[in-house]
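> model the structure of this input:
(one chain, ligands or ions: 1)
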Amino acid sequence: MPLFAEWVNKPECLGEYNSLRQLSRTEVEKGYEKGSLEQGEFIIEKKDGSKIGYIFHFILVHPAGKLLEIGYFLVPNERGKGNGTEAVEIMVDYLFLSKDIIRVQACTDTRNVASQKTLEKAGFKKEGTMRKYLFLRGECRDAYAYSILREEWKEPKILTKTA
Ligand SMILES: CC(C)(COP(=O)(O)OP(=O)(O)OC[C@H]1O[C@@H](n2cnc3c(N)ncnc32)[C@H](O)[C@@H]1OP(=O)(O)O)[C@@H](O)C(=O)NCCC(=O)NCCS
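So this is what the prediction gives:
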C-alpha cells in the first residue's frame, strides 16, 4: 500500500497517458477498501521479488456481468523489457481461468504505442476509436478500444489451472 501510494502520486510512474492524481495514503487505503469488492488490484513482482508495477481489473456495466476491463503501469526503468506483455498475459490467464466472463477489454490513448503493442502481443484486437473518451492533461483525447474474447484466448499462456 505505501509503495502504491508513492507510485500513484508520481507522474513518471503513471506515464504520459494516464490521468494524474494526488492521493494521500489514507485516500489510497480507503479507495482500496471501497473498490476491493468490485475490482482486483495487484502489484507486479519479478521472480527476484522486486516490485515493478501495478495492474488491476474492474467491472463495467454489463447486463450479465460477463466482462472486465484492465489497466496497468510499470515503473519507468522496467519498461521496454517485455514485463508489460507478460503481466497482461498473466492477468488475462487469471481472469479467464477464475471468472465466468466472455471478454477482457482495455482502452488506450491513440498516441500510446507501447500500450497498444503490449495489448496486441497479448492477443487483444483493436475494435475501433472512442472519440474524446479520455480526459488527460486538460484535454479530451481519442482512445482505441481493445478486447480479447474467451474463444480467442483458447488456453492459458503462462498460468496453469489448479483445482
Ligand atoms: C504500457 C506499458 C505497461 C508496456 O509495458 P512494457 O514492458 O514497456 O512493454 P513490453 O516491453 O512488453 O513491449 C511490448 C511491445 O511494445 C513495444 N514498445 C515498448 N515501449 C515502446 C515505446 N515507448 N514506443 C513504441 N513501442 C514500444 C515493444 O517494442 C514491444 O513490441 P515488439 O515486441 O514488437 O518490439 C509500459 O510502457 C508503461 O508502464 N507505460 C506507462 C503507463 C501506461 O501507459 N499504461 C497504460 C495506460 S493504457
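> quick one: least confident helix or strand in the protein?
The weakest-scoring helix or strand in the chain, judged by mean pLDDT, DSSP states H and E, is helix 25-35 (a mean of 84).
> averaged pLDDT, the next helix-or-strand element following that helix. What do you get?
Sequence-wise, the next helix or strand downstream of helix 25-35 (DSSP states H and E) is strand 39-45. Averaging pLDDT along strand 39-45 gives 91.
> got the buried residues for strand 39-45?
39-40, 44 (16 or more other CB atoms under 10 Å). Glycine gets a C-beta too; all of them are placed from N, C-alpha and C.
> and whichever residue of the chain sits closest to the ligand, which helix or strand is it part of?
Taking CB to the nearest ligand atom, the ligand has its nearest neighbour within the chain at Gly84, 1.9 Å off. Using DSSP H and E, Gly84 sits in helix 83-98.
> about what we covered before: show the contacting residues for the residue of the chain closest to the ligand.
53, 72, 74, 114-115, 118 (CB atoms under 8 Å, 6 or more residues apart in numbering).
> okay, buried residues for stretch 49-57 please.
52-57.
> pick the one among these closest to Arg25.
Tyr54 (15.4 Å; CB to CB).
> enumerate the residues of the protein near the ligand.
Residues of the chain found near the ligand (CB under 6 Å from any ligand atom) are 15, 17-18, 72-74, 79-85, 108, 112-115, 117-118, 121.
> just the ones of these in strands?
Counted as lying in strands by DSSP state E, out of the residues of the chain next to the ligand, are 72-74, 108.
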